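Trainee: Just need the structure, nothing else, for what follows:
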Amino acid sequence: MKMNSLGRTGIEVSAYCLGSMTFGTQTPESEAHAQIDMALDGGINFVDAAEMYPVNPLKHENVGRTEEIIGNWFATSGRRGDVVLATKHSGEGFMGARNGAPISSATIPEAVEGSLKRLQTDHIDLYQFHWPNRGSYMFRKNWTYDPSTQNRAETLAHIQDALGALQREVDKGRIRAFGLSNESAWGTAQWLRASDDTGGPRAATIQNEYSLLCRMYDTDLAELSVNEDVGLLAFSPLAAGLLTGKYQHGAIPEASRMSIVDNLGGRRTPRVFDAVDAYLAIAQRHGLDPIHMALAFTVQRPFLASTIFGATRLAQLEHILAGTDLRLSDEVMAEINDAHHSHPMPY
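Mentor: Presented below is the predicted three-dimensional model:
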């Protein structure tokens, strides 16, 4: 398994990361524990969670359940030291935690404490802010997001306030490193500048959506990642299952994500299935499994720290692990870029 550094932290993580957002809904606890065991046996040392998980569907009564399941695994396995653990502080407007309060020095200690208790651990390796207080281009909001309403002074003051609180958590030993999520190039640059100027942990990673179908990261953020040592943690590298091909020709498999969330968070559009067909054809021409190809593409990007995949069932995880050593040829990568030019921004 290829290993990468989390920014400048010295923390090494596997290029593939086990996502956990279905632990407690689509994935029962016993199978979630088996997944963590299998992932570790397969060379993965990185597990990503969030205080708001599980989702699909997101329900108030389930908030925090994923962290509890992971914590129970730590307690029964005794293998906390084998895992690099990431989790997230929910952003403004999430009513399942702190009545939707924005991220601040007041909320950070409470959120960290809650995650630590549910996870049954004394530290979090990578603590991430799930989305910015000021809003985000992510989740298809890039089509309509208007930054003209932002207050720059308030944003910069918030960054300094939050960094001070994060540093106190670092000093207590409760978090080791800090990461962003659903962030922009400008936002990330301000976090980096503030940590350089006034102290506080330097942002090590950005967890944004990235896949063959969603390549917004390829421009400004890619340049920032490479030059500033802020690695991408790619979420939805299989585009919520679209890139597996299982939804082609109107198919909606039982218990699949589309059977629960019919538009796949805005990813199901009239153009997306033609784009998927183009990538499935590349895989077929080269004798590649389309799932392995889609994940390998993300891993080979020069800004990638780790690609976060989810597996509802144990068999899906086993299938993914069989392809983690795949490296795509220059020919395949060129065909992928041609398909991207023909099917840009399909959702």
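
Trainee: Pull out the buried positions in the host helix or strand of Tyr279.
Mentor: Element membership for Tyr279, per DSSP states H and E: helix 272-285. For helix 272-285, a neighbour-count test (16 or more other Cβ atoms under 10 Å) marks 272-273, 275-276, 278-280, 282-283 as buried. Using the backbone N, CA and C atoms, a C-beta is placed for each residue, glycine as well.

Trainee: how far does stretch 41-48 sit from the chain's center?
Mentor: Centre-to-centre, stretch 41-48 and its host chain are 14 Å apart (Cα atoms, centre = their mean, to the nearest Å).

Trainee: mind starting the numbering at 59 from now?
Mentor: In the new count, where the first residue is 59, that last one comes out as stretch 99-106.

Trainee: List the buried residues in it.
Mentor: By 16+ other Cβ under 10 Å, the buried positions in stretch 99-106 come out as 100, 102-106.

Trainee: Can you give me the end-to-end span of that stretch?
Mentor: End-to-end distance for stretch 99-106: 17 Å, by Cα to Cα, to the nearest Å.

Trainee: Just the residues contacting it, thanks.
Mentor: 59, 70-72, 74-78, 94, 97, 128, 140-145, 265, 291, 364, 366, 379, 382 (Cβ atoms under 8 Å, 6 or more residues apart in numbering).

Trainee: Which elements pack onto the helix or strand harbouring Ala373?
Mentor: Taking DSSP H and E as the criterion, Ala373 maps to helix 372-379. When contacts are defined as 3 or more Cβ pairs under 8 Å, 6 or more residues apart in numbering; DSSP states H and E, helix 372-379 sits against helix 87-99, helix 348-357.

Trainee: for these, which one ends up most surrounded?
Mentor: Comparing the helices and strands packed on helix 372-379 by mean neighbour count (mean count of other Cβ atoms under 10 Å), helix 348-357 comes out on top with a mean of 22.

Trainee: Quick one: mean pLDDT for that one?
Mentor: What helix 348-357 shows for mean pLDDT is 98.

Trainee: what lines up beside whichever helix or strand comes after that helix in the sheet?
Mentor: Once helix 348-357 ends, the next helix or strand along the chain (criterion: DSSP H and E) is strand 362-367. Strand 362-367 has the following strand partners under DSSP bridges: strand 74-77 (parallel), strand 289-293 (parallel).

Trainee: List the buried residues in the shortest one.
Mentor: Judged by neighbour count using 16+ other Cβ under 10 Å, the buried positions of strand 74-77 are 74-77.

Trainee: Tabulate the CA atom coordinates of that strand in PDB.
Mentor: Listed next in PDB are the C-alpha coordinates belonging to strand 74-77 (Å, rounded to 0.1, in the frame of the first residue of the first chain):
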ATOM      1  CA  TYR A  74      -6.700   4.500   0.500                       C
ATOM      2  CA  CYS A  75      -8.900   5.600   3.400                       C
ATOM      3  CA  LEU A  76     -11.900   3.700   4.800                       C
ATOM      4  CA  GLY A  77     -14.900   6.100   5.000                       C
END
